[in-house]
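Undergrad: take a look and give me a structure for this.
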Amino acid sequence: MGFVKSRPRLLFLACLGLAGYFAYTAAVGALRNNQFEQERAQTARGVAELQQKEAYLKAVKDYVSSDAYVEQEARRQLGYVRDGEVGFAVISPPAAPDPTAPTGDWWQRLFPR
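TA: Reported below is the predicted structural model:
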C-alpha cells in the first residue's frame, strides 16, 4: 500500500527532474549561443579592419610602383634633373624632432593618410 501512494510522488519527482534538466540545457544553450554570437561579431570587426588595411596597402603598392613615384624619388634622393631643368640643392640646419610626427608601421609613416 505504501508503494502505491509513493508512485505518483516518484512520477512527479521524475517529471520535475526532467523539466529541470530541460530548463538547464536550454539556459546553457542560450548562454553558449550568446558567446558564439559575440565571438562572431568580434571576428567580423577584425575582418573588416584587415580588409581596410589590405586596401590601403594595395593603394600604397600601386602608388609606389607608378612611374610618377619613381621619378619623384629619383629627383628627391638622387637629384635627378631632366634636360632643360636647372638642379639646385637647399642646405638648411637639421630639423628638430617633431612630436606630432605620424607613428605606426613604416608604410604608415612613409605614406600618411
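
Undergrad: now the helices for the chain?
TA: Per DSSP state H, the chain carries helices over the ranges 2-64, 67-78, 106-110.

Undergrad: dump the ones you listed to TSV, plus mean neighbour count.
TA: For glycine as for every other residue, the C-beta is placed from the backbone atoms N, C-alpha and C. Compiled in TSV, these are given as follows (neighbours: other CB atoms under 10 Å):
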stretch	mean neighbour count
helix 2-64	10
helix 67-78	11
helix 106-110	11
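
Undergrad: which of those helices sits closest to residue 88?
TA: Residue 88 lies closest to helix 67-78 among those, at 11.7 Å (CB to CB).

Undergrad: what are the contacting residues of the closest one?
TA: When contacts are defined by CB atoms under 8 Å, 6 or more residues apart in numbering, helix 67-78 is touched by residues 63, 80, 81.

Undergrad: 10 Å instead, please
TA: Around helix 67-78, the neighbours that count as contacts under CB atoms under 10 Å, 6 or more residues apart in numbering are 60, 62, 63, 64, 66, 80, 81, 82, 85, 87, 111.

Undergrad: just checking the distance from the helix or strand of the chain with the lowest mean pLDDT to the centre of its chain.
TA: Ranked by mean pLDDT, DSSP states H and E, the helix or strand of the chain with the weakest confidence is helix 106-110, at a mean of 76. Relative to the centre of its chain, helix 106-110 is centred 18 Å away, using CA atoms, centre = their mean, to the nearest Å.

Undergrad: contact partners of it?
TA: 53, 56, 57, 60, 61, 64, 101, 102, 103.
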